[in-house]
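K.L.:
predicted coordinates and the sequence they were generated for:
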Amino acid sequence: MNPDFLILISLLAPFAGAIGCLAATTRPRLAAGIAVASVAISLAAGLGLVAATSGGAVHAVHAGGWSAPFGIVLTADLFSALMLAVCQLVTLAALATGLAVLPDLWRRRHFLPLVLTLSTATCGAFLTGDLFNLYVWFEVLLLSSFSLMAVLRGDEGRAGAWRYVLLNLVSSMLFLGSAGLIYAKTGSLNFADLHLRFAAAGDAYLLESSTVLLFGSFAIKSALLPFAFWLPASYPHLPPAIGALFAGLLTKVGLYALFRVFGMVFATDTFPHRELLLILAVVTMTGGVLGAVSQGGMRGILSFHIISQVGYMALALALFTPLALAAGIFYLVHHIVVKANLFLVAGLVERRFGSSELERTGGLLRSAPWMAALFAVPALSLAGIPPLSGFFAKFMLLRASLEVGDAWVTVAIVGVGLLTVFSMLKIWSAAFWGSTPEGGPALKQSGVAVAASVVLGVVTVGIGLAAGPVFALAETAATGLLEPEVYLDAVLGTGNPPVPTITTTP
Amino acid sequence: MSVLLAMTIGLLVAAGLYRLLGPGRLDALVGLILLGQAVNLGIFAAGRLHHNAPAIVTGNMGPTTDPLPQALVLTAIVIGFGIIAFILTFMLRSSGK
């Protein structure tokens, strides 16, 4: 199929699904069918896009036929396509689990349309070709996730949701403000056009002062450490299916924006604020994992692990070599699947014991060995044990750091890896070894929820076994970011005709 | 005119930040609204300030304003309004029960 159609389908399918679900609120089965089908269609379109762009091609849709720097443009290169496909896979798994296990309360409160608008917004953020539309998609994403979060119960949950709302809105303000400043200084918001203008800008110093606002905004959204405290305050209170969705998608969209905007749009030989990102990344890795070690509940541990892993991916961007960027993209793909799966398994454990606090669990290895296996795959992968996907991600990152020659970065990667193993062992020994605690409601496990977890586990093993081909894809995607000539051609037209600069007197 | 606008933006940001750091949730909301207005004015200023100039180029090439920032501000205002409505609902819900 024509890749331009695939771009539109992947974006419009979940949106149409959201409208369909709103129309079918009185018929829950129909609505569920529509929701699953629309995400599945979008996933298929995403996979089609991966196939269409796997050679390094870039496809762009110019909305309304307006030529590039003036009109709205949707672009799909391999990086966007990979992210889109993986995110839709995780959305599908979380959606199926949510339908199967969430109490009716969640379904009544427009659970399905909100998940679908969330899905639309993630696709939009991956496909958009300009800064302002990225802002708009972020807002759609945030409003959908706020609304899903607004049903949180209990004082702690509400305080967490409030913190999430507030910090992310401040981040949006920073984003919007910096978009305005960048437009004032360059006269463009289109990614391709901005890249050309930034490279040609004589007063790059002035432009860098505006991009620092953008940096702060993305740092809040992707949960880099001094800005990450909304995440452990809110995520642990979410029900597991929603937690899996948020853990898989939200911070990763922020990271995608960091990669796209700083790794490509504002990148020349280096990019603005690279040293700052390097330091923040290492702080995030270390601080996140130390937070995880100090936690006493599965969800708390897993939430802090998101922060720690975000640090790894930000580090890959900060090293900014072809190998490091490829490792970063590989890490993103692997991490989204693994993290969502861990939250799903935490949900299974919770149904077994009525809680996922570690002191109230135990003995799963004997009573439910299949659950232990389901947990072991993503946990070992997250920790970076060889045959699984996480090992290759960490290994490539380690190699990239050795090539760059920053010894302290290498030490941080290895040290944080060890602490990750330690905190995973903590979950393992408390929930899977030991004796089964008395009491607790052992709810019947839902087949769909188990199947969703199995599918994600199989994908993790698959990425590990096919690490070579997947890493080759990541390398192509990284090349697309570092040498964006194909991207520029696809968006602006071959030869990039010079854009007339409009000079206005102040 | 630019100076006046710059000072207004600065004042709004200062007031917004002050309220944002205040103790209550309502403080934070007021702070966010003020910050939002500051940002909107900032984008508006990004298109340069002209007096009595059309936003659409017609046959005679006189001075024109840049229509894009105005479109951006419009979008930002709409989004900001929706978000404020959402937060108010959220606050009502969490204080009600």
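P.N.:
In hand now; what should we look at?

K.L.:
is stretch A:234-253 anywhere near chain B?
P.N.:
No: using C-beta under 8 Å from any C-beta of the partner chain, stretch A:234-253 stays clear of chain B, coming no nearer than 12.9 Å. To be clear about C-beta, it is placed using only N, CA and C from the backbone, and glycine gets the same treatment.

K.L.:
state the mean pLDDT of that stretch.
P.N.:
The average pLDDT for stretch A:234-253 rounds to 86.

K.L.:
any idea how far that stretch is from the chain center?
P.N.:
Averaging C-alpha positions (C-alpha atoms, centre = their mean, to the nearest Å) puts stretch A:234-253 10 Å from its chain's average.

K.L.:
equivalent analysis for stretch A:110-123, please.
P.N.:
15 Å.

K.L.:
which residues are contacting that stretch?
P.N.:
For stretch A:110-123, the external contacting residues (C-beta atoms under 8 Å, 6 or more residues apart in numbering or on different chains) are A:10-11, A:14-15, A:17-19, A:21-22, A:25, A:31-32, A:34-35, A:38-39, A:42, A:46, A:84, A:87-88, A:91, A:94-95, A:98, A:102, A:137-138, A:140-141, A:143-145, A:147-148, A:245, A:249, A:253.

K.L.:
tell me the buried residues in the lengthiest helix in chain B?
P.N.:
For chain B, the helix with the greatest residue count under DSSP state H is helix B:67-96. Going by neighbour count (16 or more other C-beta atoms under 10 Å in any protein chain shown), the buried part of helix B:67-96 is B:68-69, B:72-73, B:75-76, B:79-80, B:83, B:86-87, B:90-91, B:94.

K.L.:
what parts of the stretch 151-300 of chain A come near chain B?
P.N.:
Residues of the stretch 151-300 of chain A lying near chain B (C-beta under 8 Å from any C-beta): A:158, A:161-162, A:165-166, A:169-170, A:173, A:176-177, A:179-181, A:183-184.

K.L.:
quick one: which of those residues is most hemmed in?
P.N.:
The most crowded member of those, judged by other C-beta atoms under 10 Å in any protein chain shown, is A:Leu176 (30 neighbours).

K.L.:
quickly note the distance from that one to A:Ile220.
P.N.:
13 Å (C-beta to C-beta, to the nearest Å).

K.L.:
same thing with A:Val310?
P.N.:
The separation that A:Val310 has from A:Ile220, given C-beta to C-beta, amounts to 12 Å.

K.L.:
have a look at these two and say which one is more surrounded.
P.N.:
Each of A:Val310 and A:Ile220 had its neighbours counted (other C-beta under 10 Å), and the higher figure belongs to A:Val310 (28 against 23).

K.L.:
give me the three-state assignment for the more buried one.
P.N.:
Classification of A:Val310 using DSSP: H, G, I helix; E, B strand; the rest coil returns helix.

K.L.:
check contacts around it.
P.N.:
The contact partners of A:Val310, by C-beta under 8 Å, 6+ apart, come to A:Ser222, A:Ala223, A:Leu224, A:Ala228, A:Thr251, A:Leu255, A:Thr284, A:Gly288.

K.L.:
B:Ile9 is in contact with B:Ala38, isn't it?
P.N.:
Yes: using C-beta atoms under 8 Å, B:Ile9 is in contact with B:Ala38, at 5.0 Å.

K.L.:
so A:Leu488 sits against A:Ala199, correct?
P.N.:
No: using C-beta under 8 Å, A:Leu488 is not in contact with A:Ala199; the gap is 10.5 Å.

K.L.:
what residues are up against A:Gly17?
P.N.:
Residues near A:Gly17 by C-beta under 8 Å, 6+ apart: A:Ile34, A:Ala35, A:Ala37, A:Ser38, A:Val39, A:Leu116.

K.L.:
which among those end up buried?
P.N.:
For the contacts of A:Gly17, buried by 16+ other C-beta under 10 Å: A:Ile34, A:Ala35, A:Ser38, A:Val39, A:Leu116.

K.L.:
what about the residue nearest to the third one when sequence neighbours are not counted, helix or strand, and which?
P.N.:
Here the nearest residue to A:Ser38 in space, its sequence neighbours aside, is A:Gly17; by C-beta to C-beta, 6 or more residues apart in numbering or on different chains that works out to 2.7 Å. Under the criterion DSSP states H and E, the helix or strand holding A:Gly17 is helix A:3-23.

K.L.:
what's the answer for A:Ala60, then?
P.N.:
With DSSP H and E as the criterion, A:Ala60 is inside strand A:59-62.

K.L.:
so what secondary structure elements neighbour the next helix-or-strand element following that strand?
P.N.:
Downstream of strand A:59-62, the first helix or strand assigned by DSSP H and E is strand A:73-76. When contacts are defined as 3 or more C-beta pairs under 8 Å, 6 or more residues apart in numbering or on different chains; DSSP states H and E, strand A:73-76 sits against helix A:3-23, helix A:28-53, strand A:59-62, helix A:111-127, helix A:485-492.

K.L.:
in the last one, what's buried?
P.N.:
So that's helix A:485-492. Buried residues in helix A:485-492 (16+ other C-beta under 10 Å): A:Val486, A:Tyr487, A:Leu488, A:Ala490, A:Val491, A:Leu492.

K.L.:
number of residues surrounding A:Ser144?
P.N.:
21.

K.L.:
over the helix or strand encompassing it, what's the mean pLDDT, rounded is fine.
P.N.:
Assigned by DSSP H and E, A:Ser144 belongs to helix A:131-149. Per-residue pLDDT over helix A:131-149 has a mean of 90.

K.L.:
touching chain B at all, it?
P.N.:
Yes: Helix A:131-149 is in contact with chain B by C-beta under 8 Å from any C-beta, via A:Phe132, A:Val136, A:Glu139, A:Leu143, A:Phe146, A:Ser147.
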